[in-house]
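Trainee: Just to be clear, the model below is a prediction. Sequence and coordinates:
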Amino acid sequence: MGGKADQQRFETLWREHRGIVLKVAGVYTRHAEERLDLAQEIGAQLWRSFAAFDERKAKFSTWLYRIALNVAISHLRRESGGDGRFEPLDERHLETIAGESAAEADERVEALRAFIGELDALNRALILLYLEDRSYAEIAEVLGISATNVATKINRIKHKLRGRMTAASTTGA
């Protein structure tokens, strides 16, 4: 690649898409300091890989997700042996159900966090992308699986979650 122009292009794309890195880091870490370290690690890997980025083959956001998720999954395996807990970056992705008290909504949010935290690394990545309103085709491209496989996995996760939330509401847990 060509030096200063490429650096400026990278910096512009980085500023536009930095939120993706922070969200990925938030899903795969427990603490703010660890989240920032992982975000830096992802940023460094993005810069090292930028020369290989070809906008004719993929959108920048798709390429970025692929690298960010690979770095985050490697980090998760290295740091916790795959036993990390989900910790969302912010609450705006989680909508409360109308008519619930704040305590009931908090319990449901915590149950959702716990459920997602129990997912393996691939399914956690899949849910992150799904919650970002990415299309099945884009999720498939990022994760390197078919769109049909994405749909199947999402439906299985939803079914499992529905069962878990129903059981929790009937037992009062």
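Mentor: That came through fine.
Trainee: so how many other residues sit close to residue 114?
Mentor: By the criterion of other CB atoms under 10 Å, residue 114 has 13 neighbours. Any C-beta I mention is one placed from the backbone N, CA and C, and that applies to glycine too.
Trainee: pLDDT at it, what is it?
Mentor: Listed pLDDT for residue 114 reads 79.
Trainee: just use 669 as the starting number from now, easier for me
Mentor: Happy to do that; since the first residue is 669 now, the last one works out to residue 782.
Trainee: Okay, and it sits in which element?
Mentor: Using DSSP states H and E, residue 782 falls within helix 770-786.
Trainee: And the next helix or strand past that helix?
Mentor: helix 789-799.
Trainee: Show me what counts as buried in that following helix.
Mentor: Of the residues in helix 789-799, 789, 791-798 count as buried by neighbour count, 16 or more other CB atoms under 10 Å.
Trainee: Out of those residues, which is nearest to residue 693?
Mentor: Within the buried residues of helix 789-799, proximity to residue 693 (CB to CB) peaks at residue 796, which comes in at 10.8 Å.
Trainee: what residue is smack in the middle of this protein?
Mentor: Nearest to the geometric centre of the chain sits residue 796, at 3.4 Å (CA atoms, centre = their mean).
Trainee: Apart from its neighbours in sequence, what residue is nearest that residue?
Mentor: Excluding its sequence neighbours, the residue lying closest to residue 796 (CB to CB, 6 or more residues apart in numbering) is residue 695, at 5.1 Å.
Trainee: what number of residues lie near the one you found?
Mentor: Count around residue 695 with other CB under 10 Å applied: 25.
Trainee: ok, now residue 700?
Mentor: Residue 700 has 11 neighbours, counted by other CB under 10 Å.
Trainee: So, low pLDDT: which residues of the protein?
Mentor: 669-670, 748-774, 776-777, 836-837, 839-841 (pLDDT under 70).
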